[in-house]
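Enquirer: my questions are about this predicted structure, shown below with the sequence.
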Amino acid sequence: MRAKHITLAALPGLAATLGGGAVAAPKFTPASPVNETCDTAGLFGLNGVGFFHYRDAPDAQETARKKMDFLQQAGATWDRFDFWWSEMEPRRGVWKWDKADWLVDFYARHGVNMLPILSYRAAWMTQPPHTPEDDAEFADYVRHLVRRYKDRVHAWEVWNEPNIPTFWKPPSAPDYTAMLKAAYTAAHQEDPHCVIVGASANETDLNWIRDIARSGGLRYMDAVSIHPYSMADGPEQMGLLRQLEDVHTLLASLGRPNLPVWITEMGWTSSITDAAGNAHVGAYMTQSYVIAAAEHVPHLFWFSEQDWTEGGKLQGWGLISPDFRAKPTLAAYRRLADTLGDSTFAGYLPLRDGIGYVFQRRGARTVFAWAHRGRTLTLRVGTGARVMSANGQTIPVQHSQITLTDMPVMIQGANRVLLAGVTRALPAPDTDNLVVNGTVAEVDAHGSPYGWHRGVFYGGADKGAFAVADEGDGGHSLRLSQTTDALWESWPVPALPGEHYTLTAQVKATDATGDNGVQILFLSGPGWGWRGGPASATVIGTTDWRTATVSGIVPDDADVVRVNLVSKNNTGGVQFRRIVLTRAETTRP
């Protein structure tokens, strides 16, 4: 059963109480241009101009102008960027405003909303703020910024990804929360209507948010931000909808059911010459924004505007190349912003083997629809419908219908018969199996099964021979042999503590030795820290297929489930097929 949908129609007063003895946070009233409704007026943002990263270059302002031009070509109305403390206060009490003043004026002239990241440590610090004195100095930095720019900057994000060592070493929710409280208090003293965005979590790290709440921090943010990068494939395979539902459910359990959830980073990579990659990014971008809009995410900041080169390797996250050439994804973003922007979510369109989302703008309805991967379906849209794919191809309407694939399409002017099926209830999934490609039906030309890793994603458990065997029934089996320590690992499944999962798989171990079986593995955090999990009994010496079964309950410190097909110290071989992971109907925490 899916989580009950929570409508984020407005931001409430900060009246929820978590923990004891804390001073109540000031009441917050949102101010324009922050989006406080359920429409998509402010949905489209980028991690774009990034001025402070090249601020001292001779052509810095010209570079910023080029990037702003592309940002506006894309149709984005928000930009997220670093606002470095060390640049503005190079020495204690010495403030240097020339570059920051130019930048804020620059955005104001172009009519683009700003989400500056309050970052990072001062020039005289060797680590992130972690003492009361550090927090007081950070609060002073925040106070100076908000006082100076409150007439033009209405939202501020506190730090970037403090839950990973890249930005806060070692990560500490109590230390981050102490700094967040100081920043929030200082900002709201200067501008009671500003929006302070907290958490800024790498991945959808529920434990990080929970730990902030345990330190009393949820009352010191007006929105919570996550960065749901995919550890699988597209938005469906990574469970983006489920991740957003889980954040809402967690916040409700912590007393903040109406706290808005912002996605301040999300994206996929491609190069300017990679036609297939750009097509995938265009499709995934469309799915991400549509799902986020339906879940009332007020802002999604795509990462990023521009590719860059790092260590001699292209980092292809952008909509334009390092030499300022537009990638096809820039046009895909613009089409999406033009079609989805400034609209209101009207409901779902249940489709067999697919899904539709319906949005309304000025009385006209647009359907965004796609088939689930590997499926096709015929959709009757009417003779007057105009249909375009996420990547700009016009889809011909023949005999009033189209063939739908996993490439999202935008349908305008659909007939009343199709739109009559719109419902506010989220359609039930087509299958209860949470494992992607559990039948191992999809295998590429190189013998790699879609949805499965050889060994652990981050390395390890790869000591053995991996193979895929054709079972002659449209499916395959996954084989491990000559192992010391090896496993096939599924893509992650979002989960909540207390949920009950059951795993079944058929196992054949004719000449196998050692330990062979299936495991439900629970993990947590952006590093996917192992929390262990139950395993089936060892299967050896079977000439036929045997069903292995194991069940487990998600522990309090886990938010991800994976399936492991395990073989250790096996001088023979073992095969696995028909792998099914299901979630029991439980009451969410």
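Expert: Here it is on my side, so go on.

Enquirer: ok, residues contacting the lengthiest helix in the chain?
Expert: Using DSSP state H, we find that the single longest helix of the chain is helix 275-294. In this structure, residues lying in contact with helix 275-294 by C-beta atoms under 8 Å, 6 or more residues apart in numbering are 40, 43-44, 230, 234-236, 240-241, 244, 263, 266-272, 300, 302, 316, 327-329, 332-333, 336, 340, 343, 345, 348, 357, 359, 368, 370, 390-391, 406-408. (Glycine included, C-beta is placed from N, CA and C.)

Enquirer: pull out the buried residues from it.
Expert: Within helix 275-294, the residues that count as buried by 16 or more other C-beta atoms under 10 Å are 277-294.

Enquirer: now the helices for the stretch 201-350 of the chain?
Expert: 206-214, 235-238, 240-253, 275-294, 328-340 (DSSP state H, counting those that start in this stretch).

Enquirer: hey, what's the residue nearest to Gly447 when sequence neighbours are not counted bridged with?
Expert: Distance criterion C-beta to C-beta, 6 or more residues apart in numbering; nearest residue to Gly447, sequence neighbours excluded, is Val468 at 5.2 Å. The partner list for Val468 in beta bridges (DSSP bridges) reads Leu478.

Enquirer: so who does Val468 touch?
Expert: Contacts of Val468 by C-beta under 8 Å, 6+ apart are 440, 443, 447-449, 476-479.

Enquirer: ok, now which ones touch Gly239?
Expert: Gly239 neighbours (C-beta under 8 Å, 6+ apart): 232, 492-494.

Enquirer: and these, which is closest to Ala201?
Expert: Nearest to Ala201, judged by C-beta to C-beta, of the contacts of Gly239 is Pro494 at 13.7 Å.

Enquirer: now do that closest one, the pLDDT please.
Expert: Listed pLDDT for Pro494 reads 97.

Enquirer: in its sheet, which strands sit next to the helix or strand of the chain with the lowest mean pLDDT, and in what direction?
Expert: Lowest on mean pLDDT, DSSP states H and E among the helices and strands of the chain sits strand 529-530, with a mean of 88. Counting by DSSP bridges, the strands paired with strand 529-530 are strand 515-524 (antiparallel).

Enquirer: chain center to the partner strand, what's the gap?
Expert: 25 Å (C-alpha atoms, centre = their mean, to the nearest Å).

Enquirer: ok, now stretch 297-306?
Expert: With C-alpha atoms, centre = their mean, you get 10 Å for stretch 297-306.

Enquirer: pLDDT averaged over it - what is it?
Expert: 98.

Enquirer: ends of it, how far apart?
Expert: Taking C-alpha to C-alpha, to the nearest Å, the first and last residues of stretch 297-306 lie 24 Å apart.

Enquirer: and that stretch, what's buried?
Expert: Within stretch 297-306, the residues scored as buried using 16+ other C-beta under 10 Å are 297-306.

Enquirer: kindly report the same for stretch 536-545.
Expert: Judged by neighbour count (16+ other C-beta under 10 Å), stretch 536-545 contains these buried residues: 536, 538-540, 545.

Enquirer: including pLDDT and distance to Asn160, could these go into a markdown table?
Expert: As requested, the buried residues of stretch 536-545 are arranged in a markdown table below (pLDDT from 0 to 100; distance: C-beta to C-beta, whole Å):
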| residue | pLDDT | distance to Asn160 |
| --- | --- | --- |
| Ser536 | 95 | 41 |
| Thr538 | 93 | 45 |
| Val539 | 92 | 46 |
| Ile540 | 90 | 50 |
| Trp545 | 95 | 49 |
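
Enquirer: and the helices in the stretch 1-150 of the chain, which stretches?
Expert: When assigned using DSSP H, counting those that start in this stretch, the helices of the stretch 1-150 of the chain occupy the ranges 60-74, 85-88, 98-110, 132-149.

Enquirer: out of those, which gets nearest to Asn163?
Expert: helix 132-149 (17.7 Å).

Enquirer: returning to what we had before: the least confident helix or strand of the chain: what's the following helix or strand?
Expert: strand 546-553 (DSSP states H and E).

Enquirer: for stretch 100-112, list the C-alpha coordinates in CSV.
Expert: Provided in CSV are the C-alpha atoms of stretch 100-112 (Å, rounded to 0.1, in the frame of the first residue of the first chain):
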residue,chain,number,x,y,z
ALA,A,100,28.7,39.3,-4.5
ASP,A,101,27.1,42.7,-5.2
TRP,A,102,27.7,42.3,-8.9
LEU,A,103,26.3,38.8,-8.9
VAL,A,104,23.1,39.7,-7.1
ASP,A,105,22.5,42.7,-9.3
PHE,A,106,23.2,40.4,-12.3
TYR,A,107,20.4,38.0,-11.4
ALA,A,108,18.0,40.8,-10.5
ARG,A,109,18.6,42.4,-13.9
HIS,A,110,17.8,39.1,-15.7
GLY,A,111,14.7,38.4,-13.5
VAL,A,112,16.1,35.0,-12.3
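
Enquirer: buried residues in that stretch?
Expert: 100, 103-104, 106-107, 112.

Enquirer: not counting its own residues, what contacts that stretch?
Expert: 51-52, 61, 64, 68, 71-72, 76-79, 83, 87-88, 113-114, 145, 148-149, 152-153.

Enquirer: and the end-to-end length of stretch 386-400?
Expert: Taking C-alpha to C-alpha as the criterion, the two ends of stretch 386-400 lie 11 Å apart.

Enquirer: shaky segments in the stretch 401-550 of the chain?
Expert: The stretch 401-550 of the chain contains no residues with pLDDT under 70.

Enquirer: for the nearest residue to Val440 once chain neighbours are set aside, list the residues it contacts.
Expert: Computed as C-beta to C-beta, 6+ apart, the closest residue to Val440 that is not its neighbour in sequence is His476, at 4.0 Å. Counting by C-beta under 8 Å, 6+ apart, His476 makes contact with 439-441, 443, 449, 468-470, 577.

Enquirer: Ile209: which of these is nearest?
Expert: Distances from Ile209 to these, taken by C-beta to C-beta, are shortest for Pro449, at 33.4 Å.

Enquirer: where are the low-confidence patches of the stretch 251-400 of the chain?
Expert: For the stretch 251-400 of the chain, no range has pLDDT under 70.

Enquirer: where does Leu581 land in three-state SS?
Expert: strand (DSSP: H, G, I helix; E, B strand; the rest coil).

Enquirer: what about the contacts of His476, which are in strands?
Expert: Using DSSP state E, the subset of these located in strands is 468-470, 577.

Enquirer: now a PyMOL select for only the buried ones of these.
Expert: Selection of buried members from the ones in strands among the contacts of His476 for PyMOL, criterion 16+ other C-beta under 10 Å:
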select buried, resi 468+469+577
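
Enquirer: closest to Val417 out of the ones in strands among the contacts of His476?
Expert: After measuring the ones in strands among the contacts of His476 against Val417 - C-beta to C-beta - the closest member comes out as Arg577, at 41.4 Å.

Enquirer: now Asp222: phi and psi?
Expert: Asp222 adopts backbone torsions of phi -100, psi -10, taken as degrees, to the nearest 10.

Enquirer: number of nearby residues for the closest residue to Tyr450 other than its chain neighbours?
Expert: Closest residue in space to Tyr450, ignoring its immediate chain neighbours: Glu442 at 4.1 Å, by C-beta to C-beta, 6+ apart. Counted with other C-beta atoms under 10 Å, residues neighbouring Glu442 total 16.

Enquirer: contact partners for Glu442?
Expert: Contacts of Glu442 (C-beta under 8 Å, 6+ apart): 374, 449-451.

Enquirer: using a markdown table, lay out those together with distance to Glu133 and neighbour count.
Expert: Listed next are those as a markdown table, based on distance: C-beta to C-beta, whole Å; neighbours: other C-beta atoms under 10 Å:
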| residue | distance to Glu133 | neighbour count |
| --- | --- | --- |
| Gly374 | 58 | 12 |
| Pro449 | 54 | 20 |
| Tyr450 | 53 | 17 |
| Gly451 | 50 | 21 |
